[in-house]
Every structure is written in C-alpha cells, then in structure tokens.
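Student: Structure, please.
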Amino acid sequence: MASRILHRLRHALTREGEQEALADCGSEAEEFPESSELEDDTEGLSTRLSGTLSFTSHYEEEEEEEEKEAEDEAAPGGTGQGPGEALGPELLGVGPGDRAHDPTMPERQGSNMLTRQLQELWRKSRDSLVPQRLLFEVTSASVVNERSSKYVLYTIYLIRAGQFDKAPATITRRYSDFEELHRVLRHRFGSRMAGVSFPRKRLRRNFTAETIAKRSRAFEQLLSHLHSLPDIRQSAEFLEFFFLSDLQAAQRLTCTGMYCEALAAWSNAHRLQDKLGACHSSHFLLTLAGLAVCHQELDQLAEAHACSEQALRLLGAQDSHPLLAPFLQAYVHLTWMLGKDKRQAEARLQSLQDSGLAGPQPPSLKELLIKQPLP
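Tutor: Numbering: from 1, shown residues only. Down below sits the predicted model:
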C-alpha cells in the first residue's frame, strides 16, 4: 500500500513540481538526492513503513488495491479523483483563504510540502540501510521425491545490488530450513522478530506452482528483511544458515581426497561469507585454509599462495592463533615453490617456535583442517 501511494505521489509531483524543482535546484539539489534515487529506494521505504512483513504476492496486492478503488468510486460521495485531489487541500496543508488568493497555490504548496516530507523520509531511511545492500533472489524451485519424503528445493542467489555481480553466491534450501531459521531467530531476537510472519504449512496443494511461487517471494522478503537488521545480520545463526552446510560438505570432501568437488564447495562458502561481511571470523580463516589445501593439491600454487597470504594479513599480530603457524608453514613452502622471497615469513615462523607459541613441528594446514570440528 505504501509503495503504491509513493508511486502515485511521484507521478503527481513530476507534473506539478517541475517549476519548483528548477527554481530550487541551487539550494536543495545538494542536500537531497535526485528523484531517480528516491525512486530506487521506494521498495525499501514501503517495507519499513509497513511494520509487518507481508507474504502476499505482488499480483494479489494489486488486485486488492484495484478492488478497493472500485468500491471507493462506487460508494456514495466517491469522486474517483486523482492522487493530489483525493488527499484534499486540508491534508496538503492549504487553507481556504489561500485558495481564494491563487487557484494554483494549493497544488504548489502541497507539492513542496510533500516533496520535503518524502526527502526527509528518504534521508532517514538511507541512514538505516546497510553499506552494501544484498538482493536475495529465488531463481528456481524443484520438487524432490525421495523414498520417505517429498519436498521443494529452492535455489537462492545472493547478488550485490547496484553493480554487476560477476560471481553471485548460491544456496539451496528447503521450507523446513527456513522454518528452523525463523524459529531460532524468534527464540534469540524475540522483540526484533515480533513483526515478522512466516508462510504457514498447508495440508494440501504444497506442490502447486501457485504455492511455490508465493513461498519463493516470501523467502526473498524474509531474507531481505532479516539482512536489514544489523544485530540479526551479524548473528551466527543468520550467517551459518548460508554457509555452514557448504563448509561441512567441503571438509568432508577434502578428507576423502575429492579436491575438485571440495574446491567448488570452499569457493562458494568463500563467496557467501564475502557478500555477508563475515570475513573476520574463524569460519573464514578455515575457508581460506581449505582453499589453500585444495589449490595446492591440484597444483594451483599461485592460488594457494594468494589464499595463505590473505589469511596471514587477517591474522596480523595474533601470535597465539592456532592457525598462524600452519599458515606460515604453508606460505613459506609455497613462496619457495614459486621462487619468491620467503625470509620474512621464515623468520616469523622461527620466532614463534623459539617462544614456544608453535611446536617444533606444527601441524600442516591439511592436518588441522581435517581435525577442525564443525557444528
């Protein structure tokens, strides 16, 4: 409803406010965004204005609005006027005395006031947005038949908004996975999740195209809403929903020597963590270790060296971190294999051994990776 009102106001303002926009461009153009930027954030504004997450489809919302408009026009006193007239001069902040002086004054004053209100609303909402917005898009859904169960598997792409994302990350999840995420987050963030509904289970018609389409849209809205809340976005429960299964599969494949398959799983986990802003966690260091091991086993030494180097930059001066010595050991070996200078890394590894922070024979990255427990 809010997005529809904003859409109408925007068209009304385009017709009525061109003169004012040109006259005020010297003062307000620097303070407020272009109308195109305001339009880009309409969906975000409508989500925040609604208060409660809605899981009805876009087409259903349009049909409901059209039906309501038809009823209003058919009702006694219904005028069927446009957006600016339907609001009424009193709501636009114009009194009867003003109309007597200038017939065009109500539209102009109303236009200016509404423009300022929308600009102020845009400015406040922009402050609450995350620095890099993510889009969650269900690209496909397939019905899976197993011996004892039948379910729908949804494929979701994570894409950075506002730019061409050449490497989107992908996850596949079932309805029960989303339901478990919702349950866990409600338990931990009760007040923050109070206004978030969840598509209920159905006794029948769970596998119809209509039900699957509605749930796909619902899951997109749910993930976008959760990602807009900083405390939930940074929580382990929310982050692990995306990449924990990839880490578990990658670790299992690495242990069995299936390095090509493991590399694909480690790489997707890396993309997911990068897009979600989880690049300073122990999970991310474990992912870099997995990438380095698989690249090295597949004789991709430059890629393995780059992963080890990135991990050492993240570790910085954390001399007591259990992954530091294994990463240094791998980095020294790979640097030597590539014919580069390894003296600085070699000296740091020796210093750790002399101080007792690393044993005389620290475990290799592969050994540590295999023994590392995952939930």
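Student: need the next SSE after the helix or strand that contains L135, C-terminal direction.
Tutor: For L135, the host element (DSSP states H and E) is strand 134-145. From strand 134-145 onward toward the C-terminus, using DSSP H and E, the following helix or strand is strand 150-160.
Student: ok, back up a step: what's in contact with the strand holding L135?
Tutor: 150-161, 207, 212, 216-217, 219-220, 223-224, 227, 275-276 (CB atoms under 8 Å, 6 or more residues apart in numbering). (Each C-beta comes from the backbone N, C-alpha and C, glycine too.)
Student: in this protein, which helix or strand is least confident?
Tutor: In the chain, no helix or strand scores lower on mean pLDDT, DSSP states H and E than helix 35-40, which sits at a mean of 29.
Student: Buried ones only from the contacts of strand 134-145, please, as a ChimeraX command.
Tutor: Here is the ChimeraX command that selects the buried residues among those (16 or more other CB atoms under 10 Å):
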select :151,152,154,156,158,159,160,212,216,217,219,220,223,224,227,275,276
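Student: Which elements pack onto whichever helix or strand H270 is part of?
Tutor: Assigned by DSSP H and E, H270 belongs to helix 259-276. The criterion is 3 or more CB pairs under 8 Å, 6 or more residues apart in numbering; DSSP states H and E, and the helices and strands that helix 259-276 contacts are strand 150-160, strand 169-174, helix 236-255, helix 282-297.
Student: For the longest one, buried residues please.
Tutor: Taking 16+ other CB under 10 Å as the basis for neighbour counts, the residues of helix 236-255 that come out buried are 237-247, 249-251, 253-254.
Student: repeat for the shortest one
Tutor: Of the residues in strand 169-174, those scored as buried under the neighbour-count criterion (16+ other CB under 10 Å) are A169, I171, R173.
Student: Which helix or strand lies directly C-terminal to it?
Tutor: Strand 169-174 is succeeded, C-terminally, by helix 175-188 (DSSP H and E).
Student: what angle separates the next helix or strand after that next one from helix 175-188?
Tutor: Per DSSP H and E, the first helix or strand lying C-terminal to helix 175-188 is helix 209-227. Here helix 209-227 runs at an angle of 30 degrees relative to helix 175-188 (axes from the mean of the first three to the mean of the last three CA atoms, to 10 degrees).
Student: for helix 209-227, packing partners?
Tutor: Contacts defined by 3+ CB pairs under 8 Å, 6+ apart place helix 209-227 against helix 42-50, strand 134-145, strand 150-160, helix 175-188, helix 230-233.
Student: What pairs with the third one, parallel or antiparallel?
Tutor: Strand 150-160 has these partner strands in its sheet, going by DSSP bridges: strand 134-145 (antiparallel), strand 169-174 (antiparallel).
Student: Tabulate those strands in TSV, adding columns for mean pLDDT and distance to E261.
Tutor: Formatted as TSV, those follow (pLDDT from 0 to 100; distance: least, CB to CB, whole Å):
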stretch	mean pLDDT	distance to E261
strand 134-145	93	20
strand 169-174	95	15
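Student: Tabulate those strands (a markdown table), appending distance to Y331.
Tutor: Formatted as a markdown table, these follow (distance: least, CB to CB, whole Å):
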| stretch | distance to Y331 |
| --- | --- |
| strand 134-145 | 32 |
| strand 169-174 | 27 |
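Student: Compare those and give me the one nearest P360.
Tutor: strand 169-174 (40.4 Å; CB to CB).
Student: number of nearby residues for E367?
Tutor: 12 (other CB atoms under 10 Å).
Student: nearest spatial neighbour of it, skipping sequence neighbours?
Tutor: Spatial nearest neighbour of E367, chain neighbours left out: P326 (7.9 Å); criterion: CB to CB, 6 or more residues apart in numbering.
Student: One more: R233?
Tutor: H227 (5.2 Å).
Student: Verify the stated contact: the one you found with S235.
Tutor: No. Counting by CB atoms under 8 Å, S235 is not a contact partner of H227; they are 11.1 Å apart.
Student: and L334, which of the helices and strands packed on helix 209-227 is closest to it?
Tutor: Across the helices and strands packed on helix 209-227, closest to L334 is strand 150-160 (CB to CB), at 30.4 Å.
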